[in-house]
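Novice: Build me a model from this:
(one chain, ligands or ions: 4)
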Amino acid sequence: EEGMAKKPLTLAFDAIAGSRTDAMVVPPAYTAQVLVPWGTPLNDGASEWSEDLAMTPERQAASVGMHHDGMHPFALDTATASQHFLLVMNNEYIDEHALWGPQGGPTNLAEGRRPADEVRTEINAHGVTVVEVKKNADGRWSHVTGSPHNRRFTSATPMHLAGPVAGSDYVKTRYSPQGTIARGTNNNCANGYTPWGTYLTCEENWPDYFVKDEGRTRDDNRLGIATGRGRYGWETAAGDESEREDEFTRLIGNPTADDASGDYRNEARQFGYIVEIDPYSGEQAVKRTALGRFRHEGCWPGKLDAGEPVVFYSGHDSRNEYIYKFVSAAAWDPADAHAPGAEADRLAIGAKYLDEGTLYVARFDADGRGEWLPLTPASVTPDGRPLAEALGLAADDQAGVIIHTCDAADLMGATPMDRPEWGAVDPTSGDVYMTLTNNSKRTAEGTAPTFTHAGEAIEMPGSGYATAPVNAANPRANNEAGQIIRWREGDDVTRFDWEVFVFGAAASDTDNLSGLTEMNQFASPDGLWFDERGDDQGILWIETDNGYEGVAETTNDQLLAVVPAALQRADGSAAVVSGANQEQVKRFAVGPNGCEVTGIFATPDKTALFINIQHPGNWPASADATVPAEGTVRPRAATVVIQKQDGGKIGV
Ligand code: FEO
Ligand code: CA
Ligand code: CA
Ligand code: CA
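Specialist: Ligands and ions are numbered 1, 2, ... in the order given. Alright, predicted model coming up:
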């Protein structure tokens, strides 16, 4: 594979200094343009956004959602793919103070109730935005208001369930007694896309939105379903009780009987999946349950080979959680490849590759080797039991294995990681990179897992709430700065080789293991993307979501670039730190105060790099304030387009 020679590529910009300003900073000779910020009207159903606009459910449903995260372009025509496409973007969560600022909200009514229209608006600010965008003759980008393609998927949009969990007793609800329809998607964090032209949106911190005080199940505890009050108190929406139930009670637990008979035991089990969207059609989204149920950060396709299975990687972003891969049962047929403008039943193709296959979880061994552990009912645990038996499930219950993905991974002996976030695949070698953002629950020795509910410690089978001991792939206790790991698949589907690619750190840290300097220090790597450059090597782009003081003191969140040196096969020792890479990491852009930098792709011609600026600003100054400090503005998450003034390719 090393024989596929690519032209060496050199980053032709000088690393920029850190910045702590309220502006987007890019290298000289580059420009940055804000595009489709939160509240941008998609059609005539919404009026122009303004600083004092009072958002309503209807306006928000017809506008770009809030808190942009993962995104991907879908061309309408191959010939114009670099100037004109559907931008499909996740709207992960909301800043209630920015959403309700001019009205002084969020509002809490008597008895802790929230106004129903505020809840509806917040539901409509979550999910996914599809918006047509184009490059104008002057080189600037704009969106196409009123495009028939513009649409929103929200936390109330009905979606199909497909794969092993669909139709099982686990997901039969009052809303869908057949267990085939879910209501809404939320906390859509990072994303993915498929070779057949669909978008994958990934449900990450959804457990925080569900409330269950009684009747909690093992998976409720393992995944952290809330108690008392959900993240924004949607379950408290005021109104007539029966109406309220139909519209909002999906967010309340407390069941004792079957959902089908009128309670809400299984509502949360409709969440935690990879959701497939055909951006070109008006069809419903489909939750592809075969890819596992957890806090999915994102979903990335592996290198594609005709006649071989299609592979997707996904990380569970929680402390001491795992890295997964899904391997399709069907072999890739190039006839299914996406052709912009061509008619295709993309969701039927999706069913072919995403509803049947094997889900694996990763074990990283100290010798630089790794094993993918299959999560099937018949998989044998290290102590010699069938996995279904170890989970207390019927012998053929694949739906149960998926519902309890995390417990299954625990039982198979997966390696707890330092919060897996984005993955990226080198289009030439197929090597996979994944950010491990940080981990405050990692100690030298580790501590036994417990989960506390109503003041009582509950013993947990899983690692989700444990303090895990250091291991070769996650070697730092109280890891505040994170690292990026990479691996290469072996000839056997269950084997791989791995190494740590780069450790985050402040230049002054004593554990600055990758020798970062003031010009490229970073912490909490999060977004990651490998660009494809034909005969040239691609660039690996790294985005940060940094809460680590050592670096945050000197710079806001940032975008860095590196052209990786080849992965070295581990030699039997501990994790390899291949120093040749780190000195080439260059800081390319810095975001405004308060933001995280996330979401990334470039146009096929590499002349425009799109990123997202999420949760910018600090407005109002505190959660208690109801009016902004003088001189501040109402902040809006936005897409930012970075281009070269001379129209050339980004980075070179
Ligand atoms: Fe939504 Fe793990 O970032
Ligand atoms: Ca985010
Ligand atoms: Ca993230
Ligand atoms: Ca993050």
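
Novice: contacts and neighbour counts: CA atoms only from here.
Specialist: Will do.

Novice: And Ala637, how far from Ala378?
Specialist: In this structure, Ala637 and Ala378 are 46 Å apart, going by CA to CA, to the nearest Å.

Novice: Confirm Ala589 sits in a strand?
Specialist: Yes - remark: Ala589 belongs to a strand, assigned using DSSP: H, G, I helix; E, B strand; the rest coil.

Novice: so Ser524 sits right up against Asn546, yeah?
Specialist: Yes - with contact defined as CA atoms under 8 Å, Ser524 and Asn546 form a contacting pair (4.9 Å).

Novice: which residues touch Ala12?
Specialist: Gly651, Val652 (CA atoms under 8 Å, 6 or more residues apart in numbering).

Novice: For the residue in the stretch 1-150 of the chain positioned nearest to ligand 1, the count of nearby residues, please.
Specialist: Ranked by CA to the nearest ligand atom, the top residue of the stretch 1-150 of the chain for proximity to ligand 1 is Glu92, at 6.9 Å. Other residues within reach of Glu92 by the criterion other CA atoms under 10 Å amount to 28.

Novice: Identify the residues contacting it.
Specialist: Listed by CA under 8 Å, 6+ apart, the contact set of Glu92 reads Met66, His67, His68, Asp69, His126, Gly127, Asn186, Asn187, Asn188, Cys189.

Novice: one more time with 10 Å
Specialist: When the contact criterion is CA atoms under 10 Å, 6 or more residues apart in numbering, the partners of Glu92 are 65-70, 125-128, 185-190, 201-206, 614.

Novice: for Thr154, same thing?
Specialist: By CA under 10 Å, 6+ apart, the residues touching Thr154 are 61, 65, 91, 122-129, 183-186.

Novice: Mind checking which of these land in helices?
Specialist: Ala61, Glu122, Ile123, Asn124, Ala125 (DSSP state H).

Novice: related to what we said a few turns ago, any shared contact partners between Ser524 and Asn546?
Specialist: Overlap between the contact sets of Ser524 and Asn546, as judged by CA under 10 Å, 6+ apart, is given by Thr437, Asn438, Glu480, Ala481, Gly482, Asp557.

Novice: from what I can see the fourth one touches Thr437, true?
Specialist: Yes - in this structure, Ala481 is within contact of Thr437 by CA atoms under 10 Å, at 7.0 Å.

Novice: How many residues are close by whichever residue of the stretch 51-200 of the chain sits closest to ligand 1?
Specialist: Using CA to the nearest ligand atom, Cys189 is the residue of the stretch 51-200 of the chain that sits closest to ligand 1, at 4.4 Å. The number of residues packed near Cys189 is 30, by other CA under 10 Å.

Novice: which of Ala481 and Thr437 has more neighbours?
Specialist: Neighbours were tallied for Ala481 and for Thr437 using other CA under 10 Å; the higher tally belongs to Thr437 (31 against 27).

Novice: and that one, what does it touch?
Specialist: Taking CA under 10 Å, 6+ apart as the definition, contacts of Thr437 comprise 317-319, 417-422, 479-484, 503-504, 523-527, 544-547.

Novice: So what does whichever residue of the stretch 501-650 of the chain sits closest to ligand 1 look like in phi/psi?
Specialist: Closest approach between the stretch 501-650 of the chain and ligand 1, counting by CA to the nearest ligand atom: Asp526, at 7.1 Å. Phi and psi for Asp526, reported as degrees, to the nearest 10, are phi -140, psi -80.

Novice: correct me, but it touches Thr435?
Specialist: Yes - with contact defined as CA under 10 Å, Asp526 counts as touching Thr435 (5.8 Å).
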